[in-house]
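1. Got a predicted model here, sequence first, then my questions.
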Amino acid sequence: MPLFFFNRKGYYSMNAMVVCNYNMEIIAIDATHPGSCHDSFIWNHSSAREYLSRTINEYYVLADSGYAQESFVLTPYRSAEIGTQHRFNLRHAAARNIIERTIGVLKSRFRCLQRCLNYQPIFCCQIINVCCALHNICRRRNLSISEDFQLEDIEQAINDNDIEGNDDGPSVRDEIAVSLSIFSY
């Protein structure tokens, strides 16, 4: 593995930038950068930043202090004074916590993301993108993470759909296709 995948924590990794909404749906993902890249570098070169800078009028992207303050990006105050700035930082951190929860749910749902993916980086990026697209479908359909969900349940659901002649397949396919188009790399 090339040295630029070696991150500041001392191991090889990829750095994925994730942007989510209030419903823990992932609205942008960029998993194409090695672990040595800083978050702000990825953001500054992302198509998500370019798109959001042109389209956001009344909403803001909440980012941590590793990012630059922009007209549509709110970051916490550095060395906040007690009072208004401190209260802002507390509320900002509470609101920004949604991204941490989203990533936690994503990793719980797709446990392969909790360990090393022993594939070429471009394939790892594709795995991450597909996991994000499937995560969004689960969020939109209110599907919870279940420890008891077994392969037999999936096979039974497939068989039930075949028997009943359920023609929901094209709409599911369309939903996956739309979700994947958001995550183009």
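-> That came through fine. Numbering: from 1, shown residues only.
2. close enough to count as contact, Y67 and R78?
-> No: counting by Cβ atoms under 8 Å, Y67 does not reach R78; the two are 11.9 Å apart. Quick note: C-beta positions are derived from backbone N, CA and C, even for glycine.
3. Tell me which residues of the longest helix that the chain contains come out buried.
-> If you go by DSSP state H, the chain has its longest helix at helix 84-109. For helix 84-109, the neighbour count (16 or more other Cβ atoms under 10 Å) marks 89, 92, 96, 99, 102-103, 105-106, 109 as buried.
4. chain center to that helix, what's the gap?
-> 13 Å (Cα atoms, centre = their mean, to the nearest Å).
5. likewise stretch 118-129?
-> Distance of stretch 118-129 from its chain centroid, counting by Cα atoms, centre = their mean, is 15 Å.
6. what about that stretch, average pLDDT?
-> For stretch 118-129, mean pLDDT is 92.
7. And stretch 18-32, by the same measure?
-> Taken as a whole, stretch 18-32 has a mean pLDDT of 94.
8. And the contacts of it?
-> The contact list for stretch 18-32 (Cβ atoms under 8 Å, 6 or more residues apart in numbering) reads 14-17, 42, 46-48, 51-52, 61, 98-99, 101-103, 105-106, 121, 124-125, 128-129, 132, 135-136, 139-140, 182-183, 185.
9. 7 Å instead?
-> Residues outside stretch 18-32 that contact it (Cβ atoms under 7 Å, 6 or more residues apart in numbering): 14, 16-17, 42, 46, 48, 61, 98-99, 101-103, 105, 125, 128-129, 132, 135-136, 139, 182-183, 185.
10. Also stretch 84-93?
-> 62, 74, 76-77, 80.
11. now those residues: which count as buried?
-> Among the contacts of stretch 84-93, those classed as buried by 16+ other Cβ under 10 Å are 62, 74, 76.
12. Filter the residues you listed down to the ones in strands?
-> 62, 74 (DSSP state E).
13. got the buried ones among the contacts of stretch 84-93 as TSV, with pLDDT columns?
-> TSV is the format used below for those (pLDDT from 0 to 100):
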residue	pLDDT
L62	93
L74	90
P76	91
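14. quick one: the helices in this structure?
-> With DSSP H as the criterion, the chain has helices spanning 39-44, 47-55, 84-109, 121-140, 151-164, 169-182.
15. In terms of mean pLDDT, which of the ones you listed ranks lowest?
-> For the helices of the chain, the weakest mean pLDDT is recorded on helix 151-164, namely a mean of 48.
16. What pairs with the longest strand along the chain, parallel or antiparallel?
-> Ranked by residue count under DSSP E, the longest strand found in the chain is strand 26-34. In the sheet, strand 26-34 lines up against strand 14-20 (antiparallel) (DSSP bridges).
17. Identify each buried residue in stretch 45-64, please.
-> Neighbour-count burial for stretch 45-64 [16+ other Cβ under 10 Å]: 46, 48-49, 52, 61-63.
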